[in-house]
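S.K.: okay, sequence plus prediction incoming.
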Amino acid sequence: MRTRNRALVSASLCSDRDVLHVETRIERDPGDALVVSLSSGCQVVECRGGDGSPMLWRHEGDRLTLVGSDGASSVHIAYAIPVGARVGLAPEQPWLARPAGRDCHVTRTTSRVIGEGGLLCGTDPHHGVPFVVAWPPGDEPRLRVEVRQGEVVTTDRRAGSEVTRILRTLTGWLGPIDDVSVVDVAVPGAYAYSYPGIIAVHPGLLDFPATLFGQFLPHELSHQWFGNRIRFTGPGFLWPQECLPEALQALYVRERWGSAAYDVITRSYPERHDERRLQQLFSVGPAERADLSLDRYHDLLAAGTRRWLSAFQADSRALHDVVRALAAEPAEFTGAQVAALVGEVVALP
């Protein structure tokens, strides 16, 4: 059986007057060529193998292919980012390293800030790709919250207070959380995105604190357990991966602001189970997710979230015990397996 790729990612950052220099190291099981996407303005400085030998690359459009990387167990990529705007890395942003044919499952990431610039490193668990958030001197994030061993560290008193409230509630339901940084940086295609160890929120959300702390952050912090620590695969994966964090976010709103706020949040969810939509939700796998229109995605998300909320209402204590056990250890589940676990303790209408 062919082993999956694994990558260990580390990065260092230095800055000068014109550019930020970033070097990223990817360690993995050999087997697939590596492709790097570069957005406008980013320049590759050097690519080399783990033994220090130079590696050829081919740059076509925004795709950079590392020639001869198939057998490399580690690859070093050095690249320069123009100073002037903070960088959030996602498919349309400066670089995204991924194998040409299959997932590159990353088993560990590191985050550190070096020198005059700022740097956070992480990994997208769904595609198995490393990413970097970097900013030059003078362009520090407006929001920077660190959660270390369950304690919140930030210079922003309001943000620290609200994140502490969210964590107190979520860890009470789900158990300890892994270390995570929250930073404002634009990620294309989303107002917020949760990677293992890093949550990126759009800078525009800082002007709407009720939306940020009442909707986006409870959802994205829930992903540190469901979607990052616990990976979901196969048909129905969206039900635990997206609908469960959405339901936990709604329950947090009720805990924080009361039933009236909860009613406002849940008004968009269908009042009754729509079996047709639920069947469609459970037929969608990772490959089919890309083909869903935004309206259809939100339609299915609403139906799945209502099902979770109905389940919590039917027997909150038993379901919380199941969800807490599910969140305890890194693992991989299908949507059907999660539905079976829930069905053992809650009779869904």
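M.R.: Alright, I've got the coordinates. Numbering: from 1, shown residues only.
S.K.: low-confidence stretches in the chain?
M.R.: Scanning the chain with the threshold set as pLDDT under 70 gives 1-22, 27-42, 61-63, 69-73, 81-139, 186-189, 271-273, 346-349.
S.K.: following element in sequence after the helix ranked longest in it, please.
M.R.: Across the chain, the longest stretch assigned as helix under DSSP state H is helix 294-314. Downstream of helix 294-314, the next assigned helix or strand under DSSP states H and E is helix 316-327.
S.K.: in terms of secondary structure, what does the helix or strand following that following helix contact?
M.R.: Using DSSP H and E, the helix or strand that directly follows helix 316-327 along the chain is strand 331-334. Counting contacts by 3 or more CB pairs under 8 Å, 6 or more residues apart in numbering; DSSP states H and E, strand 331-334 packs against strand 230-233. C-betas here are computed from N, CA, C, even on glycine.
S.K.: what packs against the strand it packs on?
M.R.: When contacts are defined as 3+ CB pairs under 8 Å, 6+ apart, strand 230-233 packs onto strand 331-334.
S.K.: any residues touching the helix or strand following the strand it packs on, and which ones?
M.R.: Proceeding N to C from strand 331-334, the next assigned helix or strand is helix 335-343, under DSSP H and E. The contact list for helix 335-343 (CB atoms under 8 Å, 6 or more residues apart in numbering) reads 232, 234-240, 282, 311, 319, 322, 326, 348.
S.K.: try 10 Å
M.R.: Helix 335-343 is contacted from outside by 226, 230, 232-241, 243-244, 278, 281-285, 304, 307-308, 311, 318-319, 322-323, 325-326, 331, 333-334, 348, using CB atoms under 10 Å, 6 or more residues apart in numbering.
S.K.: show me what counts as buried in that helix.
M.R.: 335, 337, 338, 339, 341, 342 (16 or more other CB atoms under 10 Å).
S.K.: could you export those as a markdown table, including distance to residue 152?
M.R.: A markdown table is the format used below for these (distance: CB to CB, whole Å):
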| residue | distance to residue 152 |
| --- | --- |
| 335 | 32 |
| 337 | 33 |
| 338 | 30 |
| 339 | 34 |
| 341 | 31 |
| 342 | 31 |
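S.K.: which among the contacts of helix 335-343 count as buried?
M.R.: Applying 16+ other CB under 10 Å to the contacts of helix 335-343 flags 226, 230, 232, 235-241, 243-244, 278, 281-282, 284, 304, 307-308, 311, 319, 322-323, 326, 333-334 as buried.
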